[in-house]
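Chemist: What follows is a predicted protein model with its sequence.
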Amino acid sequence: MATDFQRKKRRGLLIARSIAINAFLVFHIVAIPFWCLPISSALVLECREFVRPYFLWTGLFQSWDTFSPNPVSTNNYLEALIIYRDGSTGYWTFPRMQLLGPSERYYRERYRKFEENLLEAEHSGLWPDAARYVARFHSGDSVPPATVMLLVRWSNIIQRDDGTFERTAWDTHVFFSYTVTAEDLK
């Protein structure tokens, strides 16, 4: 038989749990719109800076560059040029959502966000890790990789005067080159 103290303790824990759950929900219900709304008021910008570390850590960050007024005007994707120790070459393409089926696209969507962020100079600290990942992915090949070059392929999307769109020819830029060491392949 539970004593009054045990009942009060259990009730207190239930109340604390309920408060914690509600605080979690209210925080997210308020913070997500502040993060996502394309508004640049001082209050919204201050709230974004406050929640930025948490949103980046949890992957809840979003951007509105797909939507108006200034949608992204390039079609791009990442590849890696692998130069093997014998001088031969090969390519590795980061998963491209439009080439995947619906179920695989669901599981690999994070690659798209990773690629999007990888292209930004402020995330250049990730470039060596991405190159090492590609090198390790190919470490079982008969000849090990010697160099991994990360490159972006892009085509600009231009709106014509009549409202239709045209795509320019594909262009390529190597934005990082990494010399693979023996330790990288372990």
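Modeler: Here it is on my side, so go on. Residues are numbered from 1 along each chain as shown.
Chemist: Secondary structure class of L78, three-state.
Modeler: What DSSP: H, G, I helix; E, B strand; the rest coil gives for L78 is strand.
Chemist: Please report how far it lies from V51.
Modeler: Distance, L78 to V51, using CB to CB, to the nearest Å: 28 Å. C-beta coordinates here come from the backbone N, C-alpha and C atoms, glycine included.
Chemist: Tell me which of the two has more neighbours.
Modeler: Each of L78 and V51 has its neighbours counted (other CB atoms under 10 Å); L78 has more, 22 against 19.
Chemist: close enough to count as contact, the more buried one and E116?
Modeler: No. Between L78 and E116 there is no contact under CB atoms under 8 Å: 9.4 Å.
Chemist: Residue ranges of each domain in this protein, please.
Modeler: Split into domains by automatic domain parsing, the chain comes to 4-58, 74-185.
Chemist: Turn these into CSV, including mean pLDDT.
Modeler: Shown next, in CSV, are the domains of the chain (pLDDT from 0 to 100):
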stretch, mean pLDDT
domain 4-58, 88
domain 74-185, 89
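Chemist: Packed most tightly, which of those domains would that be?
Modeler: Highest mean neighbour count among the domains of the chain (mean count of other CB atoms under 10 Å): domain 74-185, with a mean of 14.
Chemist: Please pull up the helix or strand immediately following the lengthiest strand in the chain.
Modeler: For the chain, the longest strand by residue count, based on DSSP state E, is strand 145-159. Remark: after strand 145-159, the chain's next helix or strand is strand 165-167, criterion DSSP states H and E.
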